[in-house]
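Trainee: I would like the atomic coordinates for the input below:
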Amino acid sequence: MKSDKSKASGPKPPAADPTTDVRLEAARERLAESSGQEDAIDGLREIVANFLGSEEMGLFQVDRGTSNFHVFWSFGIDLEKYDLLRALGDAGLQRVMRGECHIEFGTRDTRGSMAKAQAFVPIRSANQTIAILAILRLLPQKLAFDRSDMELFKLLSDEAAQPLFGPSPYPKPASEGPGMSA
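Mentor: Sure thing, here's the model as predicted:
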């Protein structure tokens, strides 16, 4: 009796990476289960350190009235040594403000020392970038960001705003309709 192997031949859909799925679910749960802003900040630090491989990060909040940024929180960064938003540059800042992640490799800080990587992740609420998560150097065992890290950046961009800043950090004026900006 012949077995019918033809049913199993042909291209197979790519299997989901179980490690990525576990990381994403753990990060999602950590943010969702945060009990207040301090706990959400601790969760963000844990996610970046454990899943993205960096212990140097800062969170810069957008001041909607002036379109300037202020340091909301940082960990492991000497803010007098690094001007992270200047390192992002105008073109990078525009991309991040539109909601895109911006990653630079082999950039130099203001004193000329090489940084392994910099990632700038928009933190978004109501289709607006309300903060930027800057990640500076990777730990020695982490060589670069990969595709699964990009998925984690997307999760942080989409889901970190509410645990970090509350449900509506920038309420819209009554005269402003959906899709309009101030």
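
Trainee: ok so residue 25 is a helix residue?
Mentor: Yes - Residue 25 forms part of a helix when assessed by DSSP: H, G, I helix; E, B strand; the rest coil.

Trainee: give me the neighbour count for it.
Mentor: Around residue 25 there are 11 other residues, counting by other Cβ atoms under 10 Å. Backbone N, C-alpha and C define where each C-beta goes, glycine included.

Trainee: hang on, residue 50 in a helix?
Mentor: Yes - per three-state DSSP, residue 50 lies within a helix segment.

Trainee: burial of it, as a residue count?
Mentor: Around residue 50 there are 12 residues (other Cβ under 10 Å).

Trainee: for residue 134, same thing?
Mentor: Other residues near residue 134 number 25, with proximity taken as other Cβ under 10 Å.

Trainee: doesn't residue 104 make contact with it?
Mentor: No - using Cβ atoms under 8 Å, residue 134 is not in contact with residue 104; the gap is 10.7 Å.

Trainee: identify the contacts common to the two.
Mentor: 118, 119 (Cβ atoms under 8 Å, 6 or more residues apart in numbering).

Trainee: what residues sit buried inside stretch 89-106?
Mentor: Neighbour-count burial for stretch 89-106, counted by 16 or more other Cβ atoms under 10 Å, picks out 92, 93, 95, 96, 101, 102, 103.

Trainee: just the closest of the residues you listed to residue 80, please.
Mentor: residue 93 (20.9 Å; Cβ to Cβ).
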